[in-house]
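A.B. asks: One predicted model, sequence on top.
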Amino acid sequence: MPPEFPVGPFVPEPHATAARRAELIAQLAALPAELRATVNGLTDEQLDTKYKNWTLRQIVHHVADSHINSYVRFRWALTEERPTIKAYFEAEWVQLPDARTGPVELSLALLDALHARWVVLLEALTDADFARTYFHPQSGKTVSLTEALSNYAWHGRHHTGQIAWLRAARGW
């Protein structure tokens, strides 16, 4: 049975130091290449193999969808006072045709550009910027950008870890 959290569960870091934030930003910068390397050489049949409820293909597309939403949330929090972000139904998004059957290269290329731009933004933020917040209507929580950064750095590792676990388990 595949583990729920192959890289460990998410541990929020709402008060990460500047040095720790730099490490998290580096993880976000590295994610597109790491995810690409993790799916490199997989056949369509392998990409359509499930890890729990989603196929590897759906996981790759989910990472792109999720990180696009996060990037927009950062921008809202930096330009509005505690905005209420738009939640989305990820389980339904991965059922859309592009996520079920689309080439993973599309989302990998999107992540390359998205993360390059996101990292430029993140590296320019001040301590006060990272203390800015948004309100998440599904969780009912106010989230600081520091905590959001820690979440999405983990999120990338989490899903890359799922794919790596399945590859290792199947000997791919």
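C.D. replies: Structure received. On a predicted model such as this, the values are computed, not experimentally measured, just so you know.
A.B. asks: make it CA atoms for all contacts and neighbour counts henceforth
C.D. replies: Noted.
A.B. asks: Which other helices and strands does the longest helix anywhere in the chain contact?
C.D. replies: As assigned by DSSP state H, the longest helix anywhere in the chain is helix 145-170. Packing partners of helix 145-170 (3 or more Cα pairs under 8 Å, 6 or more residues apart in numbering; DSSP states H and E): helix 18-39, strand 50-51, helix 56-79, helix 127-131.
A.B. asks: Out of the ones you listed, the one nearest residue 88 is which?
C.D. replies: Nearest to residue 88 among the helices and strands packed on helix 145-170 is helix 56-79; the distance by Cα to Cα comes to 8.6 Å.
A.B. asks: before we move on, back to that, now do the longest helix of the chain, average pLDDT.
C.D. replies: In this model, helix 145-170 has a mean pLDDT of 98.
A.B. asks: Please apply the same query to stretch 20-27.
C.D. replies: Stretch 20-27 comes out at a mean pLDDT of 98.
A.B. asks: Same question for that stretch: list its buried residues.
C.D. replies: For stretch 20-27, the neighbour count (16 or more other Cα atoms under 10 Å) marks 21, 24-25, 27 as buried.
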